[in-house]
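Engineer: Provide a 3D model corresponding to the input given below.
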Amino acid sequence: MSDLFWLSNAQMARLESCFPKSHGRPRVDDRRALSGIISINRNGLCWRDAPAEYGPHKTLYNRWKRWSDKGVFARIVAGLAAECREKNTVMIDATDLKAHRTVTSMGGEKGGRGRLIGRTKGGMNTKLHAICDSQGRPLNLFVTAGQVSDYIGARASQSSLPDVGWLLGDRGYDADWFRKALEDNGIRACIPGRKQRRTTVKYDKRRSKRRNRIEITFDRLKDWRRVATRYDRCPKVFLSAIALDATVIYWL
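Structural biologist: Predicted coordinates:
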């Protein structure tokens, strides 16, 4: 693989089934365009600053926006993750992603309600919720406004949990209804109890230490500058950046 292309021919072959079919004029080489898109997202560049070797920046941006709107990148990571078939342990957690000043303007007719950006102690943020397998590879990713609690994230991801033996989580997921839902699905919860609980919750402390793998996953995802700092106003496009990030780092 050359310095120009981020993906090898073998990796492209794994992704081609998720690409939309080309109609009319043949589109620009997928490998070159996708490599340009990866370069932009990883380095946090403006589209106009795309290296000339990847072609016109408008071509890259149009491909990125069109495929993001169609959910191509989300389907890619979901399809590759489906091949994993984790049977033992999954982990759940969430992390805040800083929203750039240019995407946090809430004024105007449209407002900012649909952008999934919320005010927290750390400023204007978007929260990334993730379910990972035992190796820390993302199985399910979605975003909410920054002030949304882990409870809501757990409720939203409950239906997408695979059939596994254990779920690891931190105290933010300590809720009786969530533990009951996991039990009904045959999943054992390894979640520490909140300090204000009257009765102590027993959990496997040794197993719980493995949850650091999902923390490492978040750190690696944030190595991509357009993920660590949100520059995209559209939440669907921003989620596509996270999905592309996870695909390149963990699934190819």
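
Engineer: same question for stretch 87-94: list its buried residues.
Structural biologist: Across stretch 87-94, burial judged by 16 or more other Cβ atoms under 10 Å covers 89-94. For the C-beta atoms, the positions are set from N, CA and C on the backbone; glycine is no exception.

Engineer: ok now it, how far from the chain's centre?
Structural biologist: Chain-centre distance of stretch 87-94: 14 Å, with Cα atoms, centre = their mean, to the nearest Å.

Engineer: can you tell me what sits against it?
Structural biologist: Under the criterion Cβ atoms under 8 Å, 6 or more residues apart in numbering, residues 127-134, 136, 139, 150, 153-154, 157, 161-170, 172-173, 207, 210-211, 213-215, 218 lie in contact with stretch 87-94.

Engineer: can you check stretch 232-249 too?
Structural biologist: Where contact means Cβ under 8 Å, 6+ apart, the residues beyond stretch 232-249 that reach it are 6-7, 15, 37-38, 41-42, 64-65, 67-69, 71-74, 76-77, 80, 103, 114-116, 126, 128, 137-138, 141-143, 220-221, 224, 226-227, 230.

Engineer: among the residues you listed, which ones are buried?
Structural biologist: Applying a neighbour-count criterion of 16+ other Cβ under 10 Å, the buried members of these are 6-7, 15, 37-38, 41-42, 64-65, 67-68, 72-74, 76-77, 80, 103, 115-116, 126, 128, 137-138, 141-143, 221, 224, 226-227, 230.

Engineer: where does this protein dip in pLDDT?
Structural biologist: By pLDDT under 70, the low-scoring segments of the chain are 1-2, 106-113.

Engineer: that older thread, in helices, which of the contacts of stretch 232-249 appear?
Structural biologist: Counting by DSSP state H, the part of those found in helices is 15, 37-38, 41-42, 64-65, 67-69, 72-74, 76-77, 80, 220-221, 226-227.

Engineer: now do the strands in the stretch 101-250 of the chain.
Structural biologist: Taking DSSP state E, counting those that start in this stretch to define them, one finds strands in the stretch 101-250 of the chain at 118-120, 123-133, 138-145, 166-168, 188-190, 229-230.
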